[in-house]
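**Q** Coordinates for the following, if possible.
(4 chains)
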2 protein chains.
Amino acid sequence: MIADPNEPVANRLLAALPADDYERLRPNLREVSFSLGEVVYEFGGELDYVFFPTNSIVSLLYTMENGDSAEMGLTGNEGVVGIALFMGGGTMPNRAVVQSAGGALRMKAKILKDEFARGGRFQQLLLRYTQALITQISQTAVCNRLHSVEQQLCRWLLLSHDRLNTDELVMTQELIADMLGVRREGVTVAAGRLQDAGAISYVRGHIQILNRPKLEETVCECYQVVRDEFERLLG
Amino acid sequence: MIADPNEPVANRLLAALPADDYERLRPNLREVSFSLGEVVYEFGGELDYVFFPTNSIVSLLYTMENGDSAEMGLTGNEGVVGIALFMGGGTMPNRAVVQSAGGALRMKAKILKDEFARGGRFQQLLLRYTQALITQISQTAVCNRLHSVEQQLCRWLLLSHDRLNTDELVMTQELIADMLGVRREGVTVAAGRLQDAGAISYVRGHIQILNRPKLEETVCECYQVVRDEFERLLG
DNA sequence: TATCGTCTGTGCGTTAGACCACATACCCTT
DNA sequence: AAGGGTATGTGGTCTAACGCACAGACGATA
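**A** Reported below is the predicted structural model:
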């Protein structure tokens, strides 16, 4: 189905477009629905579409030959999944997996490329988003090196919370462990401490964010760096 | 001084330009010389120039509030330092430090932006380089999480070696430790093992790469992923 | 309401790497 | 050749996180 023009644009990147640009693109946007765990693209896969999440979150992660995996970044309604298309690579050397079920707006690769080549506001927004994503990935690298599992869990919860309209995240500890590249038990222990502190509650794949300021106390500076940069570039 | 038109173009990104594009740009390139440890740009600093390294290497790294640091990627003669300029950010949320002294070609920010806006081959090359850099940063994130200091040291040595014309790296263990975000003693131990294996020799800030295949045996898959992606996008 | 599968909690031995404290070795200067 | 500064080597202790094994706890389904 074609996106309802009367609804507010639910993706912030698209919402930042001038009205005439958006009107031109709108007929090329189709709503799609992502289910938890769905693979948006595989390592090295060709991309036929890009996706502008509305209330879903997509994780970018890399899986090693031995099955170990780690997330490098995540995209919600502030961005776009499939930057390789306009960056010129065609394929991305990573995987994109739906981390939180929900909707997205889909655009054909060719439309995106043509629009990007016009060089206007849309190009500018896509490039700025890409730079913000680079910051997120960089900070993930630094955080992986220097900070504790508990701090990283906080970072991950806050980044996810920022990209959703709800205080409930549907996500097992097992999956979070894969994202953070740590053991499931490590997540259990870290989540247990956050629960004891009253910051969250955790019941069988359903996390409630109870006290966001508490999480912000516990998180390392990496979170704020990423948030500030997204604000500066896209705010 | 203006780059000598008779010398081969010593930066591979520039060398990939069509002759007429390069001729147009050439008068705007000036040779500069980087000394070890020189800061190319600081966190949040404005960029007046971009730099195309010829036989120098520049590290992109992030320094935490408490002084801990970690590298997210490095740029040699295959790329450009200062991508924020054309990506639209203006400033970068990291530092760039000269990791291996040598030369670079400098271009004024405005010239670069105007050229980028033309949308031709130069734009394409800059974007492709940026995507390759994203892969490098991503893989750094994954490697930081999942692999040993020794493997990461190998990755770092190989990435650096690829970007130089010599088998000697001038670099103390202290500085490598800052790059990798580990302790100096950790580097000593890892380097000692590589030395025992005959892969390198290490004397007071001078590393000789003695047996590159040995390093390639020891390194994790992260290195090859990055190398392949640079080859695919820019090769 | 009994059962089964999934998710979470916990304990224990192991380990990589951090932190700390020196010892040594090399190089440059005087 | 003596001395001081810098770079590297080494050993001991400590801790976060891993790997493994299993117990409990919840929730869907029969």
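
**Q** Helices of chain A, start to end?
**A** Ranges of helices in chain A, per DSSP state H, are A:12-15, A:19-25, A:84-87, A:109-118, A:121-146, A:149-162, A:173-180, A:184-196, A:212-218, A:221-234.

**Q** Residues in contact with stretch A:125-136: which ones?
**A** Stretch A:125-136 is contacted from outside by A:13, A:16-17, A:73-75, A:78-80, A:83, A:86-87, A:116, A:159, A:225-226, A:229-230, A:233-234, B:83-84, B:86-89, B:93, B:130, B:133-134, B:137, using Cβ atoms under 8 Å, 6 or more residues apart in numbering or on different chains. The way it works is simple: take the backbone N, C-alpha and C, and place the C-beta from them, glycine included.

**Q** show me the contacts for the residue most central in space within chain A.
**A** With distances taken as Cα atoms, centre = their mean, the residue of chain A nearest its centroid is A:Thr75 (1.8 Å). By Cβ under 8 Å, 6+ apart, A:Thr75 lies in contact with A:53, A:57-58, A:60, A:81, A:133, A:163.

**Q** for A:Val219, same thing?
**A** A:151, A:154-155, A:158.

**Q** That one: what's its closest spatial neighbour, skipping adjacent residues?
**A** A:Cys154 (3.8 Å; Cβ to Cβ, 6 or more residues apart in numbering or on different chains).

**Q** got a list of what the one you found touches?
**A** A:194, A:215-216, A:218-220, A:223.

**Q** What parts of chain A come near DNA strand C?
**A** A:172-174, A:184-185, A:188-189, A:191-192, A:195, A:202-205 (Cβ under 7 Å from any atom of the strand).

**Q** if we can go back for a sec, from the contacts of A:Thr75, which is closest to DNA strand C?
**A** A:Ile57 (17.4 Å; Cβ to the nearest atom of the strand).

**Q** my guess is the closest one meets A:Leu74, correct?
**A** Yes - applying Cβ atoms under 8 Å, one finds A:Ile57 in contact with A:Leu74, separated by 5.7 Å.

**Q** shared neighbours, those two?
**A** A:99, A:160, A:163.

**Q** Among those residues, the buried ones, what's the ChimeraX command?
**A** One line in ChimeraX is enough to select the buried ones among these; burial here means 16 or more other Cβ atoms under 10 Å in any protein chain shown:
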select /A:99,160,163
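
**Q** Reformat the shared contacts of A:Ile57 and A:Leu74 as JSON lines; add pLDDT and distance to B:Met179.
**A** Formatted as JSON lines, the shared contacts of A:Ile57 and A:Leu74 follow (pLDDT from 0 to 100; distance: Cβ to Cβ, whole Å):
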{"residue": "A:Gln99", "pLDDT": "95", "distance to B:Met179": "31"}
{"residue": "A:Ser160", "pLDDT": "96", "distance to B:Met179": "30"}
{"residue": "A:Arg163", "pLDDT": "94", "distance to B:Met179": "32"}
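
**Q** I'd like the shared contacts of A:Ile57 and A:Leu74 as a markdown table, with distance to A:Arg26 appended.
**A** Conversion of the shared contacts of A:Ile57 and A:Leu74 to a markdown table gives the following (distance: Cβ to Cβ, whole Å):
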| residue | distance to A:Arg26 |
| --- | --- |
| A:Gln99 | 27 |
| A:Ser160 | 28 |
| A:Arg163 | 23 |
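
**Q** how much space is there between the residue nearest to A:Val219 and A:Gly45?
**A** 32 Å (Cβ to Cβ, to the nearest Å).

**Q** likewise A:Tyr223?
**A** 30 Å.

**Q** What's the separation between the residue nearest to A:Val219 and DNA strand C?
**A** According to Cβ to the nearest atom of the strand, to the nearest Å, A:Cys154 and DNA strand C sit 16 Å apart.

**Q** next one: A:Trp156
**A** Distance of A:Trp156 to DNA strand C, given as Cβ to the nearest atom of the strand: 14 Å.

**Q** go on, A:Cys222?
**A** Taking Cβ to the nearest atom of the strand, one finds A:Cys222 at 17 Å from DNA strand C.

**Q** Could you report the pLDDT at that residue?
**A** Looking at A:Cys222, its pLDDT reads 96.

**Q** I'd say it and A:Ser138 touch.
**A** No - distance between A:Cys222 and A:Ser138: 9.4 Å, which falls outside the contact criterion (Cβ under 8 Å).

**Q** What about A:Gly235, how many residues nearby?
**A** 12 (other Cβ atoms under 10 Å in any protein chain shown).

**Q** ok, back up a step: looking at A:Tyr223 and A:Gly45, which one has more neighbours?
**A** Higher neighbour count among A:Tyr223 and A:Gly45: A:Tyr223, with 23 against 15, using other Cβ under 10 Å.

**Q** Quick one: residues contacting the residue lying closest to that one once chain neighbours are set aside.
**A** The spatially closest residue to A:Tyr223, leaving aside those adjacent along the chain, is A:Arg155, at 4.6 Å (Cβ to Cβ, 6+ apart). Residues counted as contacts of A:Arg155 (Cβ under 8 Å, 6+ apart) are A:143, A:147, A:219-220, A:222-223.

**Q** where's A:Val142 relative to DNA strand C, distance?
**A** 13 Å.

**Q** Can you give me the neighbour number for that residue?
**A** Neighbours of A:Val142 (other Cβ under 10 Å): 27.

**Q** Check the gap between the nearest residue to A:Ser59 once chain neighbours are set aside and A:Val40 for me.
**A** Spatial nearest neighbour of A:Ser59, excluding adjacent residues (Cβ to Cβ, 6+ apart): A:Gln99 at 4.3 Å. Taking Cβ to Cβ as the measure, A:Gln99 falls 10 Å from A:Val40.

**Q** Quick check: neighbours shared by the two?
**A** A:Val58.

**Q** what does the model give the nearest residue to A:Glu229 once chain neighbours are set aside for pLDDT?
**A** Spatial nearest neighbour of A:Glu229, excluding adjacent residues (Cβ to Cβ, 6+ apart): A:Thr135 at 4.3 Å. Model confidence at A:Thr135, given as pLDDT, is 96.

**Q** ditto for A:Gly198
**A** Model confidence at A:Gly198 (pLDDT) stands at 94.

**Q** cool, and A:Pro8?
**A** 65.

**Q** Skip the chain neighbours and tell me the closest residue to A:Gly120.
**A** That would be A:Asp21: by Cβ to Cβ, 6+ apart, it lies 6.6 Å from A:Gly120.

**Q** The one you found contacts A:Phe122, doesn't it?
**A** Yes - assessed by Cβ under 8 Å, A:Asp21 is found in contact with A:Phe122 at 5.9 Å.

**Q** Between these two, point out the one with more neighbours.
**A** A:Phe122 (22 against 17).

**Q** Who are the contact partners of the more buried one?
**A** A:Phe122 neighbours (Cβ under 8 Å, 6+ apart): A:17, A:21, A:25, A:115-116.
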